[in-house]
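A.B. asks: here is my input; please provide its structure:
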Amino acid sequence: MKLLSLVLRLTAIAAAVVVVTFYFRGGNQLTDTRQLLTQSESRNTELNANLAKVEQQKTEFRERVEHMTLEIADLKRDLRLRESEALLVRQELTQVQEKLEEAQSSNTTLLSQNESLRREVIELKAQGIDPNRDPRQLTAQIETHRAHIRELEAQLDDAHTVMRGLFPSTPPNRPDLSNSSHGRTRILRLEPQYLLLVLEVGRQEDISETQTLQLSRDGVPLSTVTVKAVAEDFCVVQLPLHDSDILTDLQEGIEIDYRH
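C.D. replies: Okay, here's the model as predicted:
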């Protein structure tokens, strides 16, 4: 019995030792597990924060892409509008040039016809003193030619009106000669057949219609021109006929001096 009791005690002590050993090992493992769980939670929190940042960056990037897409669409639309406006301006300029050429041709023709008819009237009046001719017939011819002359003069006035309408402008301001000014400008366009220049100077520099400008280049006087039409940043001037030869020395894009 003593031996059995001793064995039982030893078995109990061994079991207790084993239990204590497993308890401490399990406690250590539980501590390690808790540490690992804490680290995992910390990593998960960090990953969630990084994921939130990435989502925010993706949202911002998407918004930027959408904004840039809208800006590109606006730029393309503005480009198309500007191309359309440029095409319309070119078409209008072509039409204006054609109308100007037609008006100039009609003006020359009407002047020639008017002058021819006037000479005929003078000749008929001179022939009216011939006793061999019927004065009533000559008078009728004269009246017919006078009516034709009045009709041609009306057409000539209409042609002048069309030519003035090609360059619409505001009522001219009378220049103050006591406050004359000068500056430098650039030739934008030449129209030698009409003795016209388009200069890069306009109302912003106090240029007004019917004003006269004295043009020079490198200190050498060129001509005194008349402003026919004026806009905010350019004007159309006409050279006198006796200065038409200076057009051979001018070209688009060069700079000249002006005084008014």
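A.B. asks: let me know the average pLDDT across stretch 181-201.
C.D. replies: Taken as a whole, stretch 181-201 has a mean pLDDT of 88.
A.B. asks: that stretch spans what distance, first to last residue?
C.D. replies: End-to-end span of stretch 181-201 (Cα to Cα, to the nearest Å): 13 Å.
A.B. asks: need phi/psi at the nearest residue to Glu200 once chain neighbours are set aside.
C.D. replies: Distances taken as Cβ to Cβ, 6 or more residues apart in numbering put Arg186 closest to Glu200, at 4.4 Å, once the chain neighbours are dropped. Every C-beta, even on glycine, is put in place using the N, C-alpha and C of the backbone. Dihedral pair for Arg186: phi -130, psi 140, per degrees, to the nearest 10.
A.B. asks: what's opposite Arg186 in the beta bridge?
C.D. replies: Glu255 (DSSP bridges).
A.B. asks: and it, how many neighbours?
C.D. replies: For Arg186, the neighbour count with other Cβ atoms under 10 Å is 14.
A.B. asks: contact partners for it?
C.D. replies: 199-200, 253-256 (Cβ atoms under 8 Å, 6 or more residues apart in numbering).
A.B. asks: with Thr226 instead?
C.D. replies: So Thr226 contacts 210-213, 237-238 (Cβ under 8 Å, 6+ apart).
A.B. asks: quick check, it in a strand?
C.D. replies: Yes - counting by DSSP: H, G, I helix; E, B strand; the rest coil, Thr226 is found in a strand.
A.B. asks: which two from the contacts of Arg186 end up farthest apart in space?
C.D. replies: Leu199 and Gly253 (11.9 Å; Cβ to Cβ).
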